[in-house]
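S.K.: Based on what follows, work out the 3D shape:
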Amino acid sequence: YNIRQLLRFNNRELNKRIKDVWGDVRETSKDKQAQIAHYKAMLTPRLLRNADRENGRRIFSKTCAACHTLFGEGGKVGPDITGSNRANLDYILDNIVDPSAVLGKDYWMTLIATSDGRIISGLLQKETDSALTVRTINDTVIVAKSDIEDRKLSKLSVMPERLLDTFKPNEVRDLIAYLRSPTQVALQGP
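M.R.: Alright, predicted model coming up:
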């Protein structure tokens with residue numbers, strides 16, 4: 001949000017500095033804007049009030065927690081979203097539907113092809129003279145520089161696009177309601 005606000009000054013020098021220091025910001029495509037509008041129309045305040053936040057937490061645990069931390073639980077590949085602007089539906093939908101639109105350099109994906117045929121993609125955590133440490137969705141991998149055939153930096157998010165398309169409407173409702181919760185939701189049962 002703050003980065004987009006700064007870009008509205010439309011100052012070439014400021015925009016270049018933001019890109020150099022922080023990362024990339026691009027406009028959301030028309031098809032993604034339409035998808036955001038669809039979900040925004042669907043996720044009315046009344047519908048969200050009737051959501052099953054406990055189910056939303058289960059969906060988050062199965063889908064999002066491998067990468068994101070919320071209320072102290074989850075992975076460290078993506079940002080910790082506990083302190084983000086989660087109460088704002090626009091913020092949530094913008095980031096889920098188009099995760100690469102506002103992407104800081106810390107979250108640019110590194111793609112590595114090794115001499116033994118492996119492809120490794122993830123976030124570069126550390127680089128030394130002899131190796132790279134990359135955090136993938138499942139693991140932290142150390143790759144010797146001598147084993148690297150090709151290395152590219154992608155300005156795409158590790159987070160998949162069209163993630164909400166994989167859910168039923170009630171699951172989208174429950175997940176979004178849970179994400180907007182100001183406090184952790186208790187899980188019942190085993």
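
S.K.: So which residue is smack in the middle of this structure?
M.R.: Central residue of the chain (Cα atoms, centre = their mean): residue 159, 4.8 Å from the mean position.

S.K.: ok now do that one, which residues does it touch?
M.R.: For residue 159, the contact set (Cβ atoms under 8 Å, 6 or more residues apart in numbering) comprises 67, 78, 99. Glycine gets a C-beta too; all of them are placed from N, C-alpha and C.

S.K.: Quick check, the last one in contact with residue 164.
M.R.: Right, residue 99. No - look at residue 99 against residue 164 with Cβ atoms under 8 Å: they stay out of range, at 11.4 Å.

S.K.: re earlier: most neighbours among the contacts of residue 159, which one?
M.R.: The residue in the contacts of residue 159 with the most neighbours, by other Cβ atoms under 10 Å, is residue 78 (20 neighbours).

S.K.: does residue 6 really touch residue 14, like I thought?
M.R.: Yes - judged on Cβ under 8 Å, residue 6 makes contact with residue 14 at a distance of 6.5 Å.

S.K.: For the two, indicate the residue with more neighbours.
M.R.: Set residue 6 next to residue 14 and count neighbours by other Cβ under 10 Å: residue 6 wins out with 15 against 12.

S.K.: Which residues does the helix or strand containing the more buried one contact?
M.R.: Taking DSSP states H and E as the criterion, residue 6 maps to helix 2-7. Here helix 2-7 makes contact (Cβ under 8 Å, 6+ apart) with 14-15, 18, 22, 25, 102.

S.K.: hmm, try it at 6 Å
M.R.: Defining contact as Cβ atoms under 6 Å, 6 or more residues apart in numbering, one finds that helix 2-7 is touched by residue 25.

S.K.: so how far is that helix off the chain centroid?
M.R.: Centroid separation between helix 2-7 and its chain, computed with Cα atoms, centre = their mean, to the nearest Å, is 18 Å.

S.K.: just checking, what packs against the following helix or strand past that helix?
M.R.: Using DSSP H and E, the helix or strand that follows helix 2-7 towards the C-terminus is helix 12-21. Contact partners of helix 12-21 among helices and strands, from 3 or more Cβ pairs under 6 Å, 6 or more residues apart in numbering; DSSP states H and E: none.

S.K.: mind running it again at 7 Å?
M.R.: Contacts defined by 3 or more Cβ pairs under 7 Å, 6 or more residues apart in numbering; DSSP states H and E place helix 12-21 against helix 2-7.

S.K.: who's in contact with the helix or strand containing residue 170?
M.R.: If you go by DSSP H and E, residue 170 is part of helix 169-179. Residues outside helix 169-179 that contact it (Cβ atoms under 7 Å, 6 or more residues apart in numbering) are 39, 42-43, 47-48, 51-53, 55-57, 59-60, 86, 92, 164, 167, 185.

S.K.: Quick check: longest helix in this structure by residues?
M.R.: Ordering each helix of the chain by length in residues (DSSP state H) puts helix 30-42 first.
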